[in-house]
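> I would like the atomic coordinates for the input below:
(one chain, ligands or ions: 1)
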Amino acid sequence: MPVDYFDLMNDSAYFLSDVHLRIQADDIERERRRELFLLLDKIKEEQATLFIVGDWFDFYFEFGHVISQAYTDVYAKMRELIEAGVTIHYFGGNHDYWLGSFMSDKIGVQIHRSGTTLEFAGKQFYFHHGDGLNEDDVNYRRLQSVIQHPVFIWILKWLIHPNIMHWLAKWLSARSKLKYRKETPLDLLNLVRKNYSIAEELFAGNVDFMITGHIHYPKLKSFGEKSFLTIGDFINYFSYGFFDGVNLSLKQWHVKQLEQRELP
Ligand SMILES: [Mn+2]
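Model prediction:
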């Protein structure tokens, strides 16, 4: 019997960002992964598409012959979804910029640059992790131009021992926990406003949806028929985006509901 491809077509999608999977697998991390894997199972069952909008990993680097053992279960889970027919699109963030052939060839993930528009279900989706969107943040832009430079990447890959890199990443990861708490509402508001103005520019063209992360607070805002989503995170909010083929919505996975910040 011929396969009716219209029956197989599935226009629903899930959007996740800022999971920040950690190298240090303590109890909190194990519980978080358990929750994440339950959500991934749901995506697999529904045969939906998964869009990862950056900072899936708290630290990610491909050394070539060496892969990080801290994420073995995550790699296996991603592979399991792909083998079951799920497409995973992955946009690198500031923590997982260095995605390479292991992720694309061995796991089978579709890797894209942050700041790409993809057509999905007849709609135009613009994806950007959200880092560097604020041109006023000169310090970050400077840092970005260093860590993304091919020479810097070559040095990390060939001259620094992977164990040293992991030790450093663990240390940075412990510090970044503090950073989230310290972020002032003013910085946050400026960042959100910047995101909205970019969204409005895009919506004046053909883009229907703008999807970002990085801010770590969930917010869905409509601009007429079009909408902007900043996903939130899977650390405090356990939030994610869902597209049913027509509408985009913001959802919360975890039972533990946190009070959401008032954003404009
Ligand atoms: Mn980020």
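
> measure the residue lying closest to Gly213 once chain neighbours are set aside to Pro162 for me?
Closest residue to Gly213 apart from its sequence neighbours, by CB to CB, 6 or more residues apart in numbering: Ser17 at 2.8 Å. Where you see a C-beta, it was placed from the backbone N, CA and C, and this is true even at glycine. In this view, Ser17 and Pro162 are 26 Å apart by CB to CB, to the nearest Å.

> And Tyr14, by the same measure?
Distance of Tyr14 to Pro162, given as CB to CB: 32 Å.

> These two: who's more crowded?
More neighbours surround Tyr14 than the other of Tyr14 and Pro162, with 21 against 16 (other CB atoms under 10 Å).

> Looks to me like that one is in a strand.
Yes - assignment of Tyr14 by DSSP: H, G, I helix; E, B strand; the rest coil places it within a strand.

> For it, list each beta-bridge partner.
Residues in a beta bridge with Tyr14, per DSSP bridges, are Leu50, Phe242.

> Contact residues of the stretch 101-250 of the chain facing the ion?
Contact residues (CB under 5 Å from the ion) of the stretch 101-250 of the chain with the ion: His214.

> Would you point out which residue of the stretch 101-250 of the chain is nearest the ion?
His214 (3.9 Å; CB to the ion).

> thought that residue was touching Phe127?
No - the criterion here is CB atoms under 8 Å, and His214 misses it with Phe127 at 11.7 Å.

> Need the contact partners of the host helix or strand of Leu38.
Here Leu38, judged by DSSP states H and E, is contained in helix 27-46. By CB atoms under 8 Å, 6 or more residues apart in numbering, the surrounding residues in contact with helix 27-46 are 10, 12, 14, 16, 19, 21-22, 25, 50, 73-74, 77-78, 80-81, 84, 86, 234-235, 238, 240, 253-254.

> Among these, which are located in strands?
14, 16, 50, 240 (DSSP state E).

> Out of those residues, who's the most crowded?
Most neighbours among these, by other CB under 10 Å: Tyr240, with 27 neighbours.

> any idea of the pLDDT on that residue?
Looking at Tyr240, its pLDDT is 97.

> for the one 5 residues further on, same thing?
Taken from the predicted model, the pLDDT recorded for Gly245 is 94.

> Tally up the residues packed near it, please.
Counted with other CB under 10 Å, the neighbours of Gly245 add up to 14.

> Next: Ser222.
With other CB under 10 Å as criterion, Ser222 counts 10.

> pLDDT wise, what is it at?
As predicted, Ser222 sits at a pLDDT of 96.

> give me the beta-bridge partners of it?
Beta bridges link Ser222 to Ser227 when assigned by DSSP bridges.

> I'd like to know how far it sits from Phe203.
Taking CB to CB, one finds Ser222 at 10 Å from Phe203.
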